[in-house]
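> Whatever this is, show me its structure:
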Amino acid sequence: MRKLIAYISISCIAVLSSSFTALPGIGKEHLTAIIPVIMDKGKEIAEKASLLYDRLNLRNLGLSPEAFNYAYRGYEYLLDKNLVNDSAYLTICDFTQSSKQKRLYLIDMLDNKILLNTYVAHGHNSGGEYATRFSNRLRSKQSSLGFYVTQNTYVGEHGLSLRMEGLEPGFNDKAYRRAIVLHGASYIGNGSTGRSYGCPAVPKNESKQIINTIKNGTCLFIYHPDKKYLQGSKILND
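Model prediction:
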């Protein structure tokens, strides 16, 4: 809803205002007072994202302003809906970049600093050096786009691993059933560009630090400018 209202013209506001007068307790004066507040909130979030993007020097680290804007918008949405327990960290996996690049960004949102910028793998069937295909299906061996909230840790086949809950129906809500987790792997980093079964695998020597930092209720976002996702994400379009 916020995104929709942000692009409403003055003439559209007038139309909306007249259409709501029939609802009990909602008159034109109430609607025209509410809409600017919502528009201002959307503008405020965009301005905060832009300022933080510049402060963190993210452009020089390879993260596009579009990727960060979407990540920040979703992060604010999840906070507003109480869907994350820990607001301290935002993790972004930017799958527009080559797997040869450091495309995972672990951001301390309280102190406004980058804690870590490192490599992250995408799914075997999502593409070679670049990820181009995404899926929510079981056994697809593809990455799933969208927003996640981190869960608890466990020790499995890849050592210490972090469970994640996908928050976007149709895009990543089967992540838990697919055993999509964040784990360390020797096939990513140091020039290696290996691929996972859909998990955002990180370099083995950095995995414990990442997992122990973002576990138990922080926001993680896997990004690609996939039209189906950008148009269908309820988090980005609410």
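> from here on, contacts and neighbour counts on C-alpha atoms
Noted.
> all helices for this structure, in order.
For the chain, helices defined by DSSP state H occupy the ranges 2-6, 10-19, 28-55, 65-80, 204-214, 227-232, 234-237.
> which of those has the lowest average pLDDT?
Mean pLDDT is lowest for helix 10-19 among these, at a mean of 40.
> Can you spell out which helices and strands pack onto the longest strand along the chain?
Longest strand in the chain by number of residues, with DSSP state E as the criterion: strand 146-156. Here strand 146-156 touches strand 159-166, strand 219-223, going by 3 or more Cα pairs under 8 Å, 6 or more residues apart in numbering; DSSP states H and E.
> Which positions within the longest one qualify as buried?
Using 16 or more other Cα atoms under 10 Å as the test for burial, strand 159-166 gives 160, 161, 162, 163, 164, 165, 166.
> thinking again about what came up before, what comes up buried for the longest strand of the chain?
146, 147, 148, 149, 150, 151, 153.
> Stretch 189-197 now?
189, 193, 194, 195, 196, 197.
> What of stretch 99-115?
99, 100, 101, 102, 103, 104, 105, 106, 107, 108, 114.
> Figure out the length between the terminal residues of that stretch.
The straight-line separation of the ends of stretch 99-115 (Cα to Cα, to the nearest Å) is 20 Å.
> Excluding its own residues, what touches it? List them.
52, 55-56, 62-63, 87-95, 97, 116-122, 129-130, 189, 191-193, 210 (Cα atoms under 8 Å, 6 or more residues apart in numbering).
> now these: which count as buried?
If we count by 16+ other Cα under 10 Å, the contacts of stretch 99-115 have these buried: 52, 63, 87-95, 97, 116-122, 129-130, 189, 193, 210.
> Show only the entries of those found in strands.
89, 90, 91, 92, 93, 94, 116, 117, 118, 189, 193.
> and the fifth one, what does it touch?
When the contact criterion is Cα under 8 Å, 6+ apart, the partners of residue 93 are 103, 104, 105, 120, 220, 221, 222, 223.
> cool, and the third one?
Taking Cα under 8 Å, 6+ apart as the criterion, residue 91 is in contact with 104, 105, 106, 107, 214, 219, 220, 221.
> ok, now the first one?
Neighbour list for residue 89: 106, 107, 108, 109, 110, 214, 218, 219 [criterion: Cα under 8 Å, 6+ apart].
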